[in-house]
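> here are the coordinates; sequence isn't available:
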């Protein structure tokens, strides 16, 4: 598993979050970890197909998701993640992945991305837990967003 696979997603996430959420996130420690689907957590899953086949999974707690959705909606306070909230968080994943796929293309790695799938329960994940290359994005006052790359073998 190559670390350079995650870099375009990390850079794209930093850029998109800075533009959309209006805060500058910092990257935590890059590592390998077992992907565990837990409750009260949201995942945005995006598939990559082409010269690189992988699933990119952005993971965040529901409370972090609500803070991000609120910021995306101009500070409007939300108490639950409804259809509009799922759409907003899904679009965030789409923007990050679109930017990252452009960066990959500029590096000579051509991929197509699938539409984002918002997963709110472990049972709905549709793939079994495995090891992923992961890096947390730390957003001051909001929390963490985990970027996980699951490369197909």
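Done, it's in. Values in this document were obtained by computation on a predicted structure and should not be read as measured data. Numbering: from 1, shown residues only.
> what packs against the lengthiest helix in the chain?
Scanning the chain for the longest helix, with DSSP state H as the assignment, gives helix 83-106. Judged by 3 or more Cβ pairs under 8 Å, 6 or more residues apart in numbering; DSSP states H and E, helix 83-106 is in contact with helix 7-20, strand 41-50, strand 54-61, helix 62-72, strand 111-113, strand 117-119. Where C-beta positions appear, they are placed from N, C-alpha and C, glycine not excepted.
> Repeat the analysis, applying 7 Å as the threshold.
Judged by 3 or more Cβ pairs under 7 Å, 6 or more residues apart in numbering; DSSP states H and E, the packing partners of helix 83-106 are helix 7-20, strand 41-50, helix 62-72, strand 111-113, strand 117-119.
> list the buried ones in the fourth one?
When burial is assessed from 16 or more other Cβ atoms under 10 Å, strand 111-113 yields the following buried residues: 111, 113.
> Show me what the mean pLDDT comes to for that strand.
In this model, strand 111-113 has a mean pLDDT of 92.
> Check the offset of the worst-scoring helix or strand of the chain on mean pLDDT from the chain's centre.
Scoring the helices and strands of the chain by mean pLDDT, DSSP states H and E places strand 31-34 at the bottom, with a mean of 83. Distance of strand 31-34 from the chain centroid (Cα atoms, centre = their mean, to the nearest Å) equals 15 Å.
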